[in-house]
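Novice: give the three-dimensional model of this entry:
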Amino acid sequence: MSTILDRGLANNGGTASREDPPSGSNIPTNGAEWVELLVSEVFKASNIEDAKAHVSHALEALEKSICVNATSEAAQSFQRDNIMLKQQLEALVQENSILKCAVSIQHK
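Specialist: Below you'll find the predicted structure:
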């Protein structure tokens with residue numbers, strides 16, 4: 001029986017999953033979907049040890065998903081900050097140029 005996790009959830013972090021995931025895997029995107037996934041994994045289990053294994057696998061996938069999202073958000077934030085700093089630097093260079101001209105004019 002193939003689960004969402006089997007179809008590629010665990011591949012988020014770049015490590016091997018139970019199967020190679022097909023493109024377009026359905027990865028939970030919010031808390032309610034993760035809860036549904038965990039509950040369905042528990043209900044698929046045949047005993048306590050199996051349930052532990054299913055939940056452990058799902059929690060590993062959740063951890064990888066969080067890491068991927070945090071890395072992506074950090075990169076986007078870094079890019080926004082970088083653009084803002086470049087704009088500020090350009091403004092300072094322009095102001096510096098104007099001040100240099102003013103000082104040059106005063107010395108004449």
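
Novice: packing partners for the worst-scoring helix or strand of the chain on mean pLDDT?
Specialist: Among the helices and strands of the chain, helix 31-44 carries the lowest confidence by mean pLDDT, DSSP states H and E, at a mean of 92. Judged by 3 or more Cβ pairs under 8 Å, 6 or more residues apart in numbering; DSSP states H and E, the packing partners of helix 31-44 are helix 48-107. For the C-beta atoms, the positions are set from N, CA and C on the backbone; glycine is no exception.

Novice: picking up where we left off before, just the angle between the least confident helix or strand of the chain and helix 48-107, please?
Specialist: 160 degrees (axes from the mean of the first three to the mean of the last three Cα atoms, to 10 degrees).

Novice: using PDB, write down the CA coordinates of helix 31-44.
Specialist: This file holds the C-alpha atoms of helix 31-44, laid out as PDB (Å, rounded to 0.1, in the frame of the first residue of the first chain):
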ATOM      1  CA  GLY A  31      -1.200  21.700  10.100                       C
ATOM      2  CA  ALA A  32      -4.600  20.100   9.500                       C
ATOM      3  CA  GLU A  33      -3.200  18.100   6.500                       C
ATOM      4  CA  TRP A  34      -0.300  16.900   8.700                       C
ATOM      5  CA  VAL A  35      -2.700  15.800  11.400                       C
ATOM      6  CA  GLU A  36      -4.700  13.900   8.800                       C
ATOM      7  CA  LEU A  37      -1.500  12.300   7.600                       C
ATOM      8  CA  LEU A  38      -0.400  11.200  11.000                       C
ATOM      9  CA  VAL A  39      -3.900   9.800  11.900                       C
ATOM     10  CA  SER A  40      -4.000   7.900   8.700                       C
ATOM     11  CA  GLU A  41      -0.500   6.500   9.200                       C
ATOM     12  CA  VAL A  42      -1.600   5.300  12.700                       C
ATOM     13  CA  PHE A  43      -4.700   3.700  11.400                       C
ATOM     14  CA  LYS A  44      -2.800   1.800   8.700                       C
END
